[in-house]
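J.: here you go, sequence then predicted model.
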Amino acid sequence: MNFQLNTQSMREGNVTMGKVAGIVANLVHIEVDGPVHQNEICYIHLGSIRLMAEVIKVQDQFTYAQVFESTRGLRVGAHVEFTGHMLEVTLGPGILSKNYDGLQNDLDRMEAIFLQRGEYTYPLNEDVLWQFTPLAVPGQTVTGGDWLGEVTENWMKHRIMVPFTMTDTYTVKQMVAAGTYRIHDLIATLEDRSGRLSQVTMVQKWPVKIPIRAFREKIRPFRVLETGVRCIDTLNPITEGGTGFIPGPFGCGKTVLQHALSRQAEADMVIVAACGERANEVVEIFKEFPELTDARTGRKLKERTTIIANTSNMPVAAREASVYTAMTIAEYYRCMGHKILLLADSTSRWAQALREMSNRMEELPGPDAFPMDLPAIISNFYARAGYVILNNGITGSITFIGTVSPAGGNLKEPVTESTKKVARSFYALSQQRADSKRYPAIDPIDSYSKYLEYPEVKKYFDENISEEWLDQVTRLKDLLIRGKEAYEQINILGDDGVPMDYHIRYWKSEVIDFIILQQDAFDKVDASTPIERQKYLMEKILNICSMEFTFENFEEVNPYFKRLINVLKQMNYSEFRSDAFNGFEKELDIILSERLN
Amino acid sequence: MEKIAFQKIYTKITRVTKATCTLHAKDVGYEEMAVVGDRLAQVVKIIGDEVTLQVFKGTEGIPTNSEVVFLSRPPMLTVGDELAGRFFNAYGQPIDGGPEIGGEERPIGGPSVNPVKREQPSQLIATGIAGIDLNNTLVTGQKIPFFADPDQPYNQVMAMVALRAEVDKIILGGMGLTHDDYLFYKQVFDNAGALDRIISFVNTTEDPPVERLLVPDMALAAAEYFAADKNEKVLVLLTDMTLYADALSIVSNRMDQIPSKDSMPGSLYSDLAKIYEKAVQFPAGGSITIIAVTTLSGGDITHAIPDNTGYITEGQLFLRRDTDIGKVIVDPFRSLSRLKQLVIGTQTRADHPQVMNTAIRLYADAANARTKLENGFDLTEYDQRTMQFAREYSSTLLAIDINIQITEMLNTAWELFRKYFRREELGIKQELVDKYF
Ligand SMILES: Nc1ncnc2c1ncn2[C@@H]1O[C@H](COP(=O)(O)OP(=O)(O)OP(=O)(O)O)[C@@H](O)[C@H]1O
Ligand SMILES: [Mg+2]
């Protein structure tokens, strides 16, 4: 590594200053009097406020910085101060349940209704007393990321670690006793090999663009991450530490699906990065999560959630930063041995932010005017997710699912194509399904999960669901494809131009569609289906699909299957194994027996 | 115009394009207003002492020795209760012959609301139009456009919606409005006796296109005054946002920016989002609701303007002529209100969500049946029923000339269900079917 990670400063002593020499929207040209670093943060003085900016290019006599705020009123000659730091997040207890902007400012600490330019708020509470328990003992050898102690944050163990910047090995010289401490209080003193002492508190900083690598190894994901969404779990599962993406035209259900995942997925912590999307959608989380309970722990959802809100009307450069801020926080908690679900809505807005800047810098554009290195940027980002084994043998994971908003709904565009190369599960939302209100509009045939091919995942199914599961999934998918083919034939040849069997085949696939694929995200019961109920449904539906029904003529097929679907739907709306559910199940058996030989 | 004594006057323009001019000047603020001759302009680029101005009226006939004066302020609007009932141009100057507005001057295009200070939109806006209230219910604090081809009566529908909505102020932002449509609005508002709660900022087709760029920010600055300062319910009408986006592309192309899709600037999404995201529900009760118009060309919603709009707004209302019944309807397939979830079934009757979805699904079945028919196939008995249903649904519920209460809309839908279908064909929750079928 040729950059210095020491967050004290990238340069000892001399402070670089500069003067604004040009302004084009949020791109500022600066003349500097000393060395600067790529991606260094600087502050531009405007009257009594300071605007935060990031160096994004150095060329000839100019340093170019993207300003994280509106530049209205800024003048040539304005004073610029360089910090010697890259864009960093502050890591320590208290991040959980916070609402941050893309630069990790605590939004709740801002007084005014309207965001004030140049107002930056500290992301942690400095006065809170945490009950600290030491985990390391004096004399122990440690390195960056090793656990020195822990506090309890909401209900989660928050490990206090050796700062990630300390990549050497150290000896624990002193540890404080168990007790209550503030985040900036001294927790431990470490000694390096040359005898130099470092003092460690509960807070550390890390530059967001650089992955935190304080773990032993990254392994292939093997455990399925249960989400309660049937067409994910049953058809194309995501794994713990896996990556997925959801492309779809506007209004097809990307956000509703991500919100469902954020409520239901079985994760220790959920980080939601609202990246250049609507403020009202974030407000929904702000208002609902403190009220809703996590079915698994019985605790409020807010307790396991951190929100990074950089909505579409907030500054564009901070939008780009927001996904990195979210990822870095996720990596921090992963190093504590937790299971993190990171959701970003929408990664296209982040790519567009890159495009806007690249345009302003008059760089040579790639496809659709996006920067040439977009594929690399996207792939490096997705690579930060994953399942890791920490130095102490404990495991942690980041599962990352991003949405993509393709222009014109056309998946042949740079962001979708670049993401497809790196994300392992693909949930394509279809306009046609959304139009006919078949929600969630995930196309069952175009979508895929590469994890189904992993032997590790097969083993997981064998041990945790059943040995038949994978075969059943394949059968279900085949039935859907055959149903689609039959439907196409019926459309070409007419209802009476095809054998009866085509109608039955089509309607069997409709049963799968209506009962397994479609799921009402706004219904109390239907919204989330636990895996054992999904298993029940799989068996029930496959059983129905394998039955031989007899009909006199094709006109009878549609009304019959409609009745079947209707009862099955009533079951989906009822609590599993409740009286109502059992009643409908009996009704179903009666209807089934009518048509069987 | 607004020249102030002792200000430095520049007289040497070095570069002129259709929408911008460039000169050497010192101590100029970014986005500051200026006057070039007698035309208002705004700083859009500063490189060293070279300042580029966007001239709102265009640069036709501008001499290189025009007097240029910088005004040391961004574009502003004078806000106050006196705005009510008045008509202004894109600069916020009265065009109705009335007196100048006195009061506080505020910069337009100001900062965004802190998301944690927002309230969740929660009040239903009833319009009487079932295509809206039943299928795409509107809520205060929402932003939603009509997507319509230029020959659809979107201005009429929007005026009707505005007058029926129970709001304190209606603010019209007209961009590239034809003079006839401008008079139409004036007349409709006047006839309704509503002029005193209406404020208009108008750029007509007779005005220079670049001036339009100021209109949304002017309208929204006024809206913020009434909604944030006075806690009022404000409805902002923006018509036509496609013409606004066209003006954006004129300016960015003149500034040699690399256009992205459909020759629109790469920043189109952010530019539009800055406007639409001004829609808000404030905790103190005030709200800004934005209803806009985005005209389409040949119904193409994949064009960059409607496409980016759809990604920003909370749904869209798609107007289409239904040739079966010879009326304009709110198309249930392409239309959507994303905030309807917040009110339907709670502020309206419990069966609302399911009735709405079922009716649309049956309407989709009818569309399939129609395709079959067009392909020369026989229809099944079910197909025939859906087609009859679709026709009646369209004329009694989707047509924009319907004006009834939501409960009546729901009852009408149940009536149609009963008339054409069996209960198990609906797939509606048992308890609701038992109660209403
Ligand atoms: N699972 C679902 N159940 C019921 N309705 C749904 C479901 N998913 C989506 N919808 C409907 O579709 C609307 C749009 O969904 P959503 O906001 O998630 O779209 P999106 O893909 O995120 O769009 P955009 O790209 O514009 O943000 C929702 O407001 C809701 O009405
Ligand atoms: Mg969305």
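T.: Sure thing, it's come through. Numbering: from 1, shown residues only, chains lettered A, B, ... in the order given. Ligands and ions are numbered 1, 2, ... in the order given.
J.: and the pLDDT at A:Thr297?
T.: A:Thr297 carries a pLDDT value of 88.
J.: need the contact list for the residue nearest to it when sequence neighbours are not counted.
T.: Once flanking residues are discounted, A:Thr297 sits nearest to A:Trp155: 7.2 Å by C-beta to C-beta, 6 or more residues apart in numbering or on different chains. Bear in mind the C-beta positions are built from the backbone N, C-alpha and C, glycine included. Contacts for A:Trp155 were tallied using C-beta atoms under 8 Å, 6 or more residues apart in numbering or on different chains; they are A:297, A:299, A:303.
J.: ok, A:Trp155 to chain B distance?
T.: 23 Å (C-beta to the nearest C-beta, to the nearest Å).
J.: pLDDT score for that residue?
T.: pLDDT at A:Trp155 comes out at 89.
J.: next one: it from A:Ile490, what distance?
T.: 55 Å (C-beta to C-beta, to the nearest Å).
J.: same check on B:His24?
T.: From B:His24 over to A:Ile490 (counting by C-beta to C-beta), the distance is 73 Å.
J.: who has more neighbours, these two?
T.: A side-by-side neighbour count of B:His24 and A:Ile490, using other C-beta atoms under 10 Å in any protein chain shown, places A:Ile490 first with 20 against 12.
J.: just the buried members of the contacts of A:Trp155?
T.: A:Glu303 (16 or more other C-beta atoms under 10 Å in any protein chain shown).
J.: A:Ala428: which of the contacts of A:Trp155 is nearest?
T.: A:Thr297 (32.2 Å; C-beta to C-beta).
J.: B:Ile404 versus that closest one, what's the distance?
T.: For A:Thr297, the distance to B:Ile404 - C-beta to C-beta - is 47 Å.
J.: chain center to the longest helix seen in chain A: distance?
T.: Taking DSSP state H as the criterion, chain A has its longest helix at helix A:469-493. Distance, stretch centre to chain centre, for helix A:469-493: 32 Å (C-alpha atoms, centre = their mean, to the nearest Å).
J.: do the same with stretch B:381-394
T.: 34 Å.
J.: A:Gly179 pairs with what?
T.: Beta-bridge partners of A:Gly179, counted by DSSP bridges, are A:Phe132.
J.: distance-wise, check it relative to A:Val151.
T.: Counting by C-beta to C-beta, the gap from A:Gly179 to A:Val151 is 11 Å.
J.: same for the longest helix of chain A, what does it pack against?
T.: Helices and strands touching helix A:469-493, by 3 or more C-beta pairs under 8 Å, 6 or more residues apart in numbering or on different chains; DSSP states H and E, are helix A:455-464, helix A:500-512, helix A:531-545.
J.: quick one: the strands in the stretch 151-300 of chain B?
T.: B:169-177, B:198-204, B:233-239, B:280-281, B:287-295 (DSSP state E, counting those that start in this stretch).
J.: nearest to chain A, out of those strands?
T.: Closest to chain A of the strands of the stretch 151-300 of chain B, according to C-beta to the nearest C-beta: strand B:280-281, at 7.5 Å.
J.: counting by contacts, list what the closest one packs against.
T.: By 3+ C-beta pairs under 8 Å, 6+ apart, strand B:280-281 packs against strand B:287-295.
J.: could I have the helix or strand following the strand it packs on exported to PDB, CA atoms only?
T.: Downstream of strand B:287-295, the first helix or strand assigned by DSSP states H and E is helix B:304-312. The C-alpha coordinates for helix B:304-312 follow below in PDB (Å, rounded to 0.1, in the frame of the first residue of the first chain):
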ATOM      1  CA  ALA B 304     -35.300  10.400 -20.600                       C
ATOM      2  CA  ILE B 305     -37.800  13.100 -19.300                       C
ATOM      3  CA  PRO B 306     -40.700  10.900 -18.300                       C
ATOM      4  CA  ASP B 307     -38.300   8.100 -17.300                       C
ATOM      5  CA  ASN B 308     -36.300  10.300 -14.900                       C
ATOM      6  CA  THR B 309     -39.500  11.800 -13.600                       C
ATOM      7  CA  GLY B 310     -41.000   8.400 -12.900                       C
ATOM      8  CA  TYR B 311     -37.900   7.500 -10.900                       C
ATOM      9  CA  ILE B 312     -38.400  10.700  -8.800                       C
END
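J.: let me know the angle separating helix B:304-312 from strand B:287-295.
T.: Angle, helix B:304-312 to strand B:287-295, by axes from the mean of the first three to the mean of the last three C-alpha atoms, to 10 degrees: 150 degrees.
J.: and the helices in chain B?
T.: Using DSSP H, helices in chain B cover B:130-133, B:154-164, B:179-191, B:215-224, B:241-254, B:268-276, B:304-312, B:352-374, B:381-393, B:406-420, B:430-436.
J.: now these as TSV including mean pLDDT, distance to A:Gly253 and mean neighbour count?
T.: Listed next are the helices of chain B as TSV, based on pLDDT from 0 to 100; distance: least, C-beta to C-beta, whole Å; neighbours: other C-beta atoms under 10 Å in any protein chain shown:
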stretch	mean pLDDT	distance to A:Gly253	mean neighbour count
helix B:130-133	94	21	26
helix B:154-164	93	26	21
helix B:179-191	93	36	15
helix B:215-224	97	29	27
helix B:241-254	87	24	21
helix B:268-276	94	20	24
helix B:304-312	94	13	25
helix B:352-374	92	14	19
helix B:381-393	95	24	19
helix B:406-420	96	24	18
helix B:430-436	92	23	16
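J.: mind checking which of these is nearest B:Thr11?
T.: Proximity to B:Thr11 (C-beta to C-beta) singles out helix B:241-254 among the helices of chain B, at 22.6 Å.
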